[in-house]
Structures are given as C-alpha cells and as structure tokens.
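Asker: This is a predicted model, with the sequence first.
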Amino acid sequence: MMVVIYTAIAITGIGFLTSAAVLPWVVVLAGVLMLVSGVLGAPSAWLGSWWLEGPAALTSVVGIMLVSINELVLTTAHVRWPIHVIILSVIIGLFFLGRALRVWPYSYRPGVLPKSKLEEAEERYYKTREEYLSTVSE
C-alpha cells in the first residue's frame, strides 16, 4: 500500500515540476521534495528498508505541508472553506509522521525478503539443537 502512495506522491511532484513556470516557487520546491520522497520511499517500502523510508516519509510530509501552506496563504476563488486544505494535509501528515516514527528505529524488517539457504539451515540447526538438549536434560 505504501508503495502506491509513494508512487502517487512522486507523480504529483512530477506534475508540479512540469508546470513550474506558472506555479509559485514554494510549490515547485514542494514538487522537488515530493518527487525525491516518492523515488526513495517506494523502493524502500517495497523491500522493507526502513532506514530509508523514515526520511522519505518526513520529506513527503514537508512537501505536502508546503503545498497546503501555499493554498492557505493564496486562497483561490473556487475554495469556499480554505482551511480544509490545511486540515486534510495535517491528517495526511500525521499518517506519514506516524509511519516515519514507527519505522525509523529499525533499519530492516526481518521476513520481508525470502530467507537464504544459510539462514534456513541455521534455523533448522538451532531448532534441532534445542530439541536435543531438552531431550538429554530430561
């Protein structure tokens, strides 16, 4: 699920960068941050490399917040309740912040990639050793 979210963030960043001539510099900076966070976050979420996903999530929060701050400062005519943009961005930011704080202390989540032959052999060895020692000690 997070891979899809990071991909959508990267696509949004590309969308901002392709219309950089008509957008404010804050939105262009947000587009750069969102593109970087999407490019770094999607593979790290896919592979379980949490040491990189934490900073990617925080970078995406900063990009999203820059867009919402720009929307709040420059209220457009089609928005009747301009504060909704910042509220939605805060909710999205809290989701990402929670994800970043949850995964950042861990550098890798075991079990994401298949175990190697050596790891499987070590696991069987320790299990057999425990069974043997428990049988001998009885």
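Answerer: Noted; the coordinates are in hand.

Asker: Report pLDDT for Pro114.
Answerer: If you check Pro114, the pLDDT there is 57.

Asker: Backbone dihedrals for the residue nearest the centre of the chain, please?
Answerer: Centroid-nearest residue in the chain, with Cα atoms, centre = their mean: Ala57, separated by 3.9 Å. Main-chain torsions, Ala57, degrees, to the nearest 10: phi -70, psi -40.

Asker: does it really touch Phe95, like I thought?
Answerer: No - look at Ala57 against Phe95 with Cβ atoms under 8 Å: they stay out of range, at 9.1 Å. (Each C-beta comes from the backbone N, C-alpha and C, glycine too.)

Asker: Where in this structure is the helix or strand with the lowest mean pLDDT?
Answerer: helix 83-103 (a mean of 70; mean pLDDT, DSSP states H and E).

Asker: I'd like to know how many residues surround Trp25.
Answerer: Residues contacting Trp25 under the criterion other Cβ atoms under 10 Å number 9.

Asker: Any figure for the gap between it and Leu66?
Answerer: Separation of Trp25 from Leu66 (Cβ to Cβ, to the nearest Å): 10 Å.
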